[in-house]
Each structure stands twice: as structure tokens, then as C-alpha cells.
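Enquirer: Turn this into a model:
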Amino acid sequence: MATVTDRAGVEHALLALRPVLAVSGIALGVATDGGEPFGPGEAELASAMPELRRRDFLAGRRAARRALALAGLPPREILADGRRPVFPEGCAGTISHSGGLAVALAAPASRFRSLGCDLETRGLPLEAAHLVLGEDERAWAAGSVRRLLFAFSAKEAAFKALLDAAPSQLLGVALRPGRGGGFRAWPRDFPERAVEVRCRGVAGAAFTWAVRL
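Expert: Residues are numbered from 1 along each chain as shown. Prediction:
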């Protein structure tokens, strides 16, 4: 899988996905650094963070503002509810970061109830499968580091998109391989709230996204 030394290649591959996402009305932003906080709310949040977390937080906010601007939405402050970003009213959005790179998606809330995305630039050991996959999911992922990584990323993206319906942990998200190499995901307690997750390899890294209408 990709490492931080592949960051430029991963960034280029992510940006190449913009036309794919734009067809669905979703804008994508990428950032490698965050600069200064956009406003007092972000500054207050960032001030209490360790340096590495602060850099990731600010890079994620910069990526999100770029996505908002591309979507024709006002690039205002993006605060937080716990670790979940809170996008401005009228905006649906999601942020992920890995290996020093942040990526965000944004779209009008009139079109999507929520979005979720996840970027993973490092693989998972097969020994971690029991932390990600339920017994009913391990058969199709057994023995493949790549499948395990994409399953983990897909669950992360779905978890973000599910919002109030999200379970307390990833094992509470059920996953099945779907069309075009993607997945169908849902909370095990609420199977009617399923979301479709799309997957792309980006210069050796895994990128996944989900939408909730």
C-alpha cells in the first residue's frame, strides 16, 4: 500500500476523481497543510490539540473549504461535534486524512442528507480482521490485505454517512460486496438504512465514499 512518500501521487489520483464525483453533484477538495484557522471557532478547537492532530485538523478544514467553494457553497468555518465535523447550514460534507494528506467532499444539503469519505494510505495486517469484520464478512475478505483495507475504509465512509443511525463501533456496520467493486453497508440494527459505498484505488491508497439521500 502507499506510504507518506507517495503523497504527491495519491493527491494527483484523488484530484483525477473530481469529474467522477461531479457527475453526482459532489465536489472534492484536497490539502496537505492547513495554514491558519479560518475563524475564531476553528482557532479555539485547534488550540487544544497536540501538534500532529492540529495539522490534520487544519488541513482537513482547508480541504473542506476548497470542496465547498467548488460546490458553489460559502466557505465558512467548519466546527465540530466531538470528532465529527459540523458543516455550515445548507451544506453536506465529510473529511478524511491519512499520511499527511486531507481530502473532503461537499455538496448542497438539499441534494444529500449526508456524505462520508475515507482515505487510507497504509495497509492493515490480516490479524486485525476480527476488529473490522464480523464472522459473516470474513469469508470474502480472508487472506487478502487489499480486501481488508477496502472493507475497513468502506465501513469508515459508511459510518460517517449514517450520522444518527451509526452504531457505536465499526463491527456494528454490516458490509456486503456490491456493484462495480463497491459495497452495500448498513447498521446491523437498522438494515433499512443502507448506503452504497464506492471504492477507488488512488496510487496504491484506498479511497471510499458514501452518500445518504
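Enquirer: State the helix or strand in which Ala157 lies.
Expert: Secondary structure assignment for Ala157, by DSSP states H and E: helix 145-162.
Enquirer: from the chain's centre, how far out does that helix sit?
Expert: 9 Å (CA atoms, centre = their mean, to the nearest Å).
Enquirer: by contact count, what packs against the helix ranked longest in the chain?
Expert: Longest helix of the chain, by residue count under DSSP state H: helix 51-70. Contact analysis of helix 51-70 by 3 or more CB pairs under 8 Å, 6 or more residues apart in numbering; DSSP states H and E lists strand 27-31, helix 40-47, strand 84-86, strand 91-98, strand 101-108 as its packing neighbours. C-beta coordinates here come from the backbone N, C-alpha and C atoms, glycine included.
Enquirer: deepest of the ones you listed, which one?
Expert: Across the helices and strands packed on helix 51-70, the average number of neighbours (mean count of other CB atoms under 10 Å) peaks for strand 101-108, which reaches a mean of 27.
Enquirer: Against which helices or strands is it packed?
Expert: Packed next to strand 101-108, using 3+ CB pairs under 8 Å, 6+ apart, are helix 7-15, strand 27-31, helix 51-70, strand 91-98, strand 114-120.
Enquirer: could you dump those to a markdown table with mean pLDDT and distance to Ala154?
Expert: As requested, the helices and strands packed on strand 101-108 are exported to a markdown table (pLDDT from 0 to 100; distance: least, CB to CB, whole Å):
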| stretch | mean pLDDT | distance to Ala154 |
| --- | --- | --- |
| helix 7-15 | 95 | 17 |
| strand 27-31 | 98 | 18 |
| helix 51-70 | 96 | 20 |
| strand 91-98 | 97 | 12 |
| strand 114-120 | 97 | 8 |
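Enquirer: Including distance to Gly182, could those go into TSV?
Expert: As requested, the helices and strands packed on strand 101-108 are exported to TSV (distance: least, CB to CB, whole Å):
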stretch	distance to Gly182
helix 7-15	17
strand 27-31	17
helix 51-70	21
strand 91-98	16
strand 114-120	13
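Enquirer: residue ranges with poor pLDDT in the chain?
Expert: For the chain, the stretches flagged by pLDDT under 70 are 1-5, 142.
Enquirer: hang on, the earlier thing: indicate which one of the helices and strands packed on helix 51-70 is closest to Gly116.
Expert: Proximity to Gly116 (CB to CB) singles out strand 91-98 among these, at 5.0 Å.
Enquirer: now what about the closest one, what contacts it?
Expert: 56, 59-61, 63-64, 67-68, 71, 73, 78, 85, 87, 102-109, 111-122, 156-157, 160-161, 205, 209 (CB atoms under 8 Å, 6 or more residues apart in numbering).
Enquirer: for stretch 87-101, the distance to its chain's centre please.
Expert: Using CA atoms, centre = their mean, the offset of stretch 87-101 from its chain centre is 7 Å.
Enquirer: Straight-line length of it, end to end?
Expert: The first residue of stretch 87-101 is 20 Å away from its last residue (CA to CA, to the nearest Å).
Enquirer: from now on call the first residue 96
Expert: Got it, the first residue is 96 from now on, which makes the last one we talked about stretch 182-196.
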